[in-house]
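K.L.:
Fold the following, please.
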Amino acid sequence: MTRIFLIGITSALAMTGAVAQQPAPHSGMMPDMDMKMMQSMASDSAATKGYKASMMSMMRGMPAYTGDADIDFMKQMKVHHQAAIDMAKVELEHGKDAQAKTLAQEIVAAQEKEIATIDTWLKAKGK
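P.N.:
So this is what the prediction gives:
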């Protein structure tokens, strides 16, 4: 019985800690995540550093949720698409495979077009 009680208490405390560390809706990442990722980048290749930087930028750039599914979708996708562009640019700079580089160029073009569409939509909505 005591063992079950201790397991229950330990689980509850672990869950409380996890909830307390959850990021705010607009912050994207846990507060110490940037620091941990930066420390882990010390021995990374230039490409890996670029990919990690694009992901950190995306997570930091995620806007707060408004509760409006359409607005939230558009704003979140804009940041997501920019991260795809940033990653594709890393491939273009550091990649060697012609097929991967071609796909990266296509991604940049497609995502820039979609970001323009999102910007137009958001402007029309006054956002």
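
K.L.:
Low-confidence ranges, this protein, go.
P.N.:
Scanning the chain for pLDDT under 70 picks out 1-41.

K.L.:
go again using 80 as the cut-off
P.N.:
The model of the chain has pLDDT under 80 over residues 1-42.

K.L.:
Going by residue numbers, what spans are helices in it?
P.N.:
Assigned by DSSP state H, the chain shows helices spanning 2-20, 33-40, 46-61, 69-94, 98-124.

K.L.:
can I get those in a markdown table with mean neighbour count?
P.N.:
The C-beta positions use only the backbone N, C-alpha and C, and glycine is treated the same way. Listed next are the helices of the chain as a markdown table, based on neighbours: other CB atoms under 10 Å:
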| stretch | mean neighbour count |
| --- | --- |
| helix 2-20 | 9 |
| helix 33-40 | 12 |
| helix 46-61 | 16 |
| helix 69-94 | 17 |
| helix 98-124 | 14 |
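
K.L.:
Look up how far residue 60 lies from residue 120.
P.N.:
As judged by CB to CB, to the nearest Å, residue 120 and residue 60 stand 25 Å apart.

K.L.:
What of residue 66?
P.N.:
To residue 60, residue 66 is 18 Å away according to CB to CB.

K.L.:
same check, this time on residue 96
P.N.:
Noted for residue 96: a distance of 30 Å to residue 60, by CB to CB.

K.L.:
ok, now residue 46?
P.N.:
For residue 46, the distance to residue 60 - CB to CB - is 21 Å.

K.L.:
And for residue 104?
P.N.:
From residue 104 across to residue 60, the span is 23 Å (CB to CB).

K.L.:
do residue 68 as well
P.N.:
In terms of CB to CB, residue 68 sits 22 Å off from residue 60.
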